[in-house]
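[1] model the following, please.
(chains A and B)
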Amino acid sequence: MTKSVIFISSAVLMMIALFSCRPPAPGAAATGDAASRVYVPPGEHDEFYNIVSGGFNGQASVVGLPSGRTFKIIPVFSVHPENGYGFSEETKPLLNTTHGFIPWDDLHHIAISTTNGVHDARWAFANANNTPRVARIDLTTFKTVEILEIPNSAGNHSSPFITENTEYVVAGTRFSVPFGEAADVDVPISTYKENFRGAITFISVDPDDGEMDIAFQIDAPPFNYDLARGGKKVSRDWFFISCYNTEMAHTLLEVNASQRDKDYIMAINWRRAEEHARNGKGTVIPAQYAHNKKDKNTHSATSTIKEGVLMLDPTELKDIVYFIPCPKSPHGCDVSPDGEYIVGSGKLAALIPVFSFSKMIEAIENEDFEGDINGLPILNYESVLYGEVQRPGLGPLHTEFDGKGNAYTSMFVSSEVVMWDLKTLEVIDRAPTYYSVGHLMVPGGCTADPHGKYLVAYNKITKDRYLPTGPELCHSAQLFDISNGRLELLLDFPTIGEPHYAEAFPADLIKDRQVRFFRIEDNNHPYVTRGPGEARVERESDNVVRVYMTSIRSHFRPDNIEGIFVGDTVYWHVTNLEQEWDLPHGFAIKGANNAEILIMPGETLTLKWIADRVGIFPFYCTDFCSALHQEMQGYVRVSPRGSNVPLTYSTGK
Amino acid sequence: MKWIAILFSLSMLALMVSCGGETQQTERKTTAERQTASKVEQKPDPRGVGEVTKVELTDPLDQSMIRRGKQISDVKCAACHKYETEERLVGPGYLNVTNRRSPEWIMNMITNVDVMLDEDPVARAMLEECLVRMPNQNISIDEARDILEFLRFNDEEHAGKRDRGVL
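    Below is the predicted model of the structure:
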C-alpha cells in the first residue's frame, strides 16, 4: 500500500519533472543559480579548454568552459585577417594543395591527441572536408603547424579520428570516387558500382614530433563513410566507421540512399592492416598529395608534393574488414570509455543499437556471418547486438559518455539531448535544445577517461536565441551540468562559424606548457634581422627588394627608405625583437593588396608588397604596443623606374 | 578669452582621460605582476629591487664576457640604447651608466624590469621621462652579468672611467 503510494506519487512527480523540462516557450529553461555556476570571476581561469570546429569558416575556436567565452580563433584551412595567416609568405605554403592555393575550406571535426586513450593534449587534429586534408595544431602555440592532403578521397568527413595512442589519424572518404591512373578515373557516373571506390586513409603520427604521413589506405566498397571512432582498451586494435548509401546510389541520395532498413558500421582491425602494410602486402598506386609543414625555428612553412600511396585490398587481405548491420543511415558511431560498446546512431532509425565488442569478436571467430559484400563478411546483427535503446527520440546523431555509466545522444529531429544508461539501456533524462542539436561533447567524453561534469550541445539552428542580426545568425551552443545525474541547462553561448565536433580537456594539462614568446636566439628564418645592427635594405634584382626590418617598442628600423622604383616587389621581412609575452607588433603599408601581418615576439614574418605608383607610402604598427605606438611608423619613397634615386635607408637621422 | 580657457581645459581633460585609458592598455601586466606592484617600497635602495644584491666585479675586464654581453646587447637592447653616448634614443644611452648606477641596480633593471619600473624611484623617474616601458627581454642573471661587463668596457673606452657607481 505505502509502496504503491510512493510509486504513484513519484511517478506523478516524474511526470511533472518531465513536463517542466519542456518549457512552453524558449528561454525559460535555466535553473535559478545557473549564473553562478558558469561565472568565472575577473582574473580567474576557466576549468576546461574547449577546441571547437568552425565548420564552414575553416577555423577552430578556443572556448573556455564553463564560461563559454571564446579566447581565440585558430586559423587552420582558411586565411585569417587577425594575424595574416595565409597572407604572410611564411604561412602561404600551409594552404597549398595539388589544386593550388586554397584560401577557405570547411572544418568539421577535432581530435585531441591521446596516450592510452586519455587526452595528452599535445596536438589537435582537424579535417578539411571539401578538398581533403588533415591538419595538426600544436597546443603549446595554438598554431597550425602541418597540413597533409588526402588523395583518393572526396568530402573528407569521416575524419580525423585517432587510435588510442595517436598511432594513426584515420580519414574516411564521404564520397567514393574512382582512383588510379587518368584512364581509370575518367568514367561515366552511371558506372558507380563498378568503378567508384571508398578510400580509408591511415595517417601515421610520429610519437616525438607529431609529424604526419600517409601510411596506407584501405580500398573499401563504394559507400559513403560518415563518422568514426577508434577502439580503446579491449577494442584498441580496432576502428569503427559508419557507412551510409550502402545502396550505392549516385543520384537523389535523399531518397535512393534511404532504401535499406540497415546500413553498416565497418569494423577495421587496424593492427592487422598495419602488419600487412609493413609486410608489403599492398600495392603502391599513383596518387599525388601535398605535405605542408611549418618549421618552429624558421617560422616558415614548406609545401612538398608527394607521389604514390600504399593501397591495401581487404578482399584479398581477408582479416581486416567486417561489417556490422546498423539501422538506418548511421551517422555517429561512438565507443564507450571501456571500449566494449559501440553505439550506432541511425539518422532515420527509431532506436539506438548498442553493439558489443566482445560479441563481435565471438561472431568473427565463429564466422557468424549473414552475408558478404564482395567477399567482405557481414556479421549477424543479433549476434553482435548488446541491446537497443527503445524510443529515444527522433533523429539520433551522436553519442558521448560521462564515465559514470551514462551515455548522451543528440536528437536532431526532436531537438533534444537524451541521457540513457549504458547497461540497462533505459532513458534517464531528456532536455530540449534550441534548436536542432548536432554534435555533443562531454570533456574527455570520447576518451577512456571522461570528465563527466558538463555536456555541451552544438546546435544547428539559432533563430530567436540572441538579438537578431538580419538573415545571417550566429550558431549556438548550450552548456548542461551533468554532475547530478540529470541534464541541467546552465548557459547558451554563441559560437564562431558552425560548430561540428569539439573536444574539451582540463586546462591544467597544457596551460603551463604555453610558449610565451619565440627565443630570438633560436630564430633561424632565412631573412631574420638579429638586432638593429643587421637592419638593412638590399636590392636583390632589377625588381626585387628585401627589407630586413626590426620592430621593438616603439619604432621600426629602418623607417626611412628611398630608392624603390615603380614595379618593384618589396619583401618586408619584419623581425619582432621583443622577448616578452603578449607583445606582438603589426605591420601595414599603404596599398598592400595582401593584407597585413602580426608578428609575435621573436618571430619573423614577411609581407609582399608591390610598389605600384610614384609617391610616398607610409607604414605603421597595427597593434597598440606602447604609449608611443602612434609614433611607430615610417615612410618609403617610390620613384619612377629609371630615375637615379640611390637606395638608402636610415633610422633617427 | 574665458571661453578659450574653458575650451582649453576641457580638451586637456579629455586628453588626460583618453591618455589614462591608453596607459592602462600599454601596461600589459599579468595579475601576478600587478600584485607584486602593489607592494610599493618607500625607501630607495641604490641596489634597486630584485634578486641581485651583491655583484663581485673583477679586474681586469673579462674579454669573453664582454664579447657575449655585446652580442646580447646588439640583438636585444641596441634598438633603444646608443652605446657611445648618454643621448637618449628610446631609452638613455649607455655611456657612464656604470658611473651613475651600482652594478646591482643595472643587473636588476635588466632582469627585473617590470618590478623596477613599478617600485624603484630612479627607474620610475626615467619612465616618466621616456614614457615607454623598458621591455622585459627575458635576459638571465648570467647574461645580465655579461652585459654589465660590456657596459664597464664601454665606459672605460668612451668615458675614460668606469665603476664609479659601485656602492
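[2] give me the distance between the two termini of stretch A:302-322.
    With Cα to Cα, to the nearest Å applied, stretch A:302-322 spans 39 Å between its terminal residues.
[3] ignore what I typed, I meant stretch A:144-163.
    Using Cα to Cα, the end-to-end distance of stretch A:144-163 comes out at 21 Å.
[4] equivalent analysis for stretch A:231-238, please.
    This stretch, stretch A:231-238, spans 5 Å end to end (Cα to Cα).
[5] dihedrals phi and psi, the closest residue to A:Thr251 other than its chain neighbours?
    For A:Thr251, ignoring the flanking residues on the chain, the nearest one in space by Cβ to Cβ, 6 or more residues apart in numbering or on different chains is A:Ile189 at 8.0 Å. To be clear about C-beta, it is placed using only N, CA and C from the backbone, and glycine gets the same treatment. Dihedral pair for A:Ile189: phi -60, psi -30, per degrees, to the nearest 10.
[6] what about A:Ile189, neighbour count?
    Neighbours of A:Ile189 under the rule other Cβ atoms under 10 Å in any protein chain shown: 10.
[7] tell me the secondary structure at the residue positioned nearest the centre of chain B.
    A centroid search over chain B (Cα atoms, centre = their mean) returns B:Met109, at 5.2 Å, as the residue closest to the centre. Classification of B:Met109 by DSSP: H, G, I helix; E, B strand; the rest coil places it in helix.
[8] per-residue pLDDT of residue 7, please?
    Chain wasn't specified; assuming chain A. According to the prediction, A:Phe7 has pLDDT 46.
[9] actually chain B
    For B:Leu7, the pLDDT comes out at 49.
[10] do B:Gln35 as well
    48.
[11] same check, this time on the one 5 residues further on
    B:Val40 carries a pLDDT value of 51.
[12] residue boundaries of the helices in chain B?
    With helices called from DSSP state H, chain B shows them at B:2-26, B:31-38, B:63-76, B:97-100, B:103-111, B:113-119, B:121-130, B:141-158.
[13] go through those helices and find the least confident stretch.
    Sorting those by mean pLDDT places helix B:2-26 lowest, at a mean of 45.
[14] what's the nearest residue to the residue sitting nearest the centre point of chain A if we skip its chain neighbours?
    Nearest to the mean C-alpha position of chain A, by Cα atoms, centre = their mean, lies A:Ala126 at 2.8 Å. Excluding the flanking residues, the one nearest A:Ala126 by Cβ to Cβ, 6+ apart is A:Ala135, at 4.8 Å.
[15] ok, now A:Arg530?
    Leaving aside its sequence neighbours, A:Arg530 sits nearest to B:Val75 (Cβ to Cβ, 6+ apart; 5.0 Å).
[16] next, count neighbours for the one you found.
    23.
[17] equivalent analysis for B:Asn108, please.
    Neighbour count of B:Asn108, defined by other Cβ under 10 Å: 27.
[18] count the residues that sit near A:Ala277.
    Residues near A:Ala277, counting by other Cβ under 10 Å, number 21.
[19] cool, and A:Thr31?
    Using other Cβ under 10 Å, A:Thr31 is surrounded by 11 other residues.
[20] and it, what does it touch?
    A:488-490 (Cβ atoms under 8 Å, 6 or more residues apart in numbering or on different chains).
[21] sort out for me which of these are in helices.
    Using DSSP H, none of the contacts of A:Thr31 sit in helices.
[22] just to revisit the earlier point, ok, and the closest non-adjacent residue to the residue nearest to the centre of chain B?
    Spatial nearest neighbour of B:Met109, chain neighbours left out: B:Met116 (5.2 Å); criterion: Cβ to Cβ, 6+ apart.
[23] separation between the one you found and A:Ile73?
    Distance of B:Met116 to A:Ile73, given as Cβ to Cβ, to the nearest Å: 36 Å.
[24] what's near enough to touch the residue of the stretch 401-550 of chain A found nearest chain B?
    Closest approach between the stretch 401-550 of chain A and chain B, counting by Cβ to the nearest Cβ: A:Gly531, at 3.9 Å. Residues in contact with A:Gly531 (Cβ under 8 Å, 6+ apart) are A:550, A:577, B:74-76, B:78-79.
[25] tell me which of the residues you listed is nearest to A:Cys326?
    A:Leu577 (58.7 Å; Cβ to Cβ).
[26] ok, and the closest non-adjacent residue to that closest one?
    Among residues not flanking A:Leu577 along the chain, A:Ile552 sits closest, at 4.4 Å (Cβ to Cβ, 6+ apart).
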